[in-house]
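Participant: Give me a 3D structure for the following:
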Amino acid sequence: MALQLMKLQVTASTTTNVDPESSKFFHVTGAETAAGTTLTIDAASFFLDDGTPATSLPPLATDNSYFTVTINGVLQMDGLSTYTPGATTVGSLAIAVPAGGDSILAGTPIVLEVVSFTPSASTTVET
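Facilitator: This is a model prediction of the structure:
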């Protein structure tokens with residue numbers, strides 16, 4: 001019998017699922033925030049979709065989550081907001097109001113949306 005290269009015959013398939021979870025937090029400003037200052041909203045100052053008070057802001061998983069801020073129905077640029085996850089007195093959203101621009105008026109609705117993804121994968125190998 002002649003020499004021959006022996007090799008394995010292998011096939012594999014992977015199924016990947018990415019399940020997003022969105023949390024929305026609502027706030028209505030109580031006072032005007034002037035241009036050139038920062039509006040900081042504590043976790044307890046937000047309320048949830050059902051109107052109940054929020055008690056904490058969820059963590060942001062590296063490369064698997066993001067947050068957006070909407071002020072008076074307008075999506076804001078990323079660089080204006082600083083998000084800190086956590087419970088009351090720790091968790092907060094800070095919005096830097098640019099100098100030379102408009103202030104945020106009292107009674108303005110602010111919506112914080114946090115989106116997190118939970119990826120999962122399964123691989124089947126057949127030989």
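Participant: In this structure Glu113 contacts Glu21, no?
Facilitator: No - shown here, Glu113 and Glu21 do not form a contact pair, counting by C-beta atoms under 8 Å, at 11.1 Å. To be clear about C-beta, it is placed using only N, CA and C from the backbone, and glycine gets the same treatment.
Participant: what about the closest residue to Thr108 other than its chain neighbours, how many residues close to it?
Facilitator: Among residues not flanking Thr108 along the chain, Thr29 sits closest, at 4.7 Å (C-beta to C-beta, 6 or more residues apart in numbering). Counted with other C-beta atoms under 10 Å, the neighbours of Thr29 add up to 19.
Participant: Let me see the contact set for Thr29.
Facilitator: Thr29 sits next to 39, 104-108, 110 when contact means C-beta atoms under 8 Å, 6 or more residues apart in numbering.
Participant: Kindly tell me how buried the closest residue to Pro109 other than its chain neighbours is, as a neighbour count.
Facilitator: Nearest residue to Pro109, sequence neighbours excluded (C-beta to C-beta, 6+ apart): Val28, at 5.5 Å. Neighbour count of Val28, defined by other C-beta under 10 Å: 11.
Participant: Quick check: Val28 vs Leu75, distance?
Facilitator: Taking C-beta to C-beta, to the nearest Å as the measure, Val28 falls 18 Å from Leu75.
Participant: now Ala12
Facilitator: Taking C-beta to C-beta, one finds Ala12 at 41 Å from Leu75.
Participant: before we move on, back to that, settle it for me: which of Glu113 and Glu21 has more neighbours?
Facilitator: Set Glu113 next to Glu21 and count neighbours by other C-beta under 10 Å: Glu113 wins out with 15 against 11.
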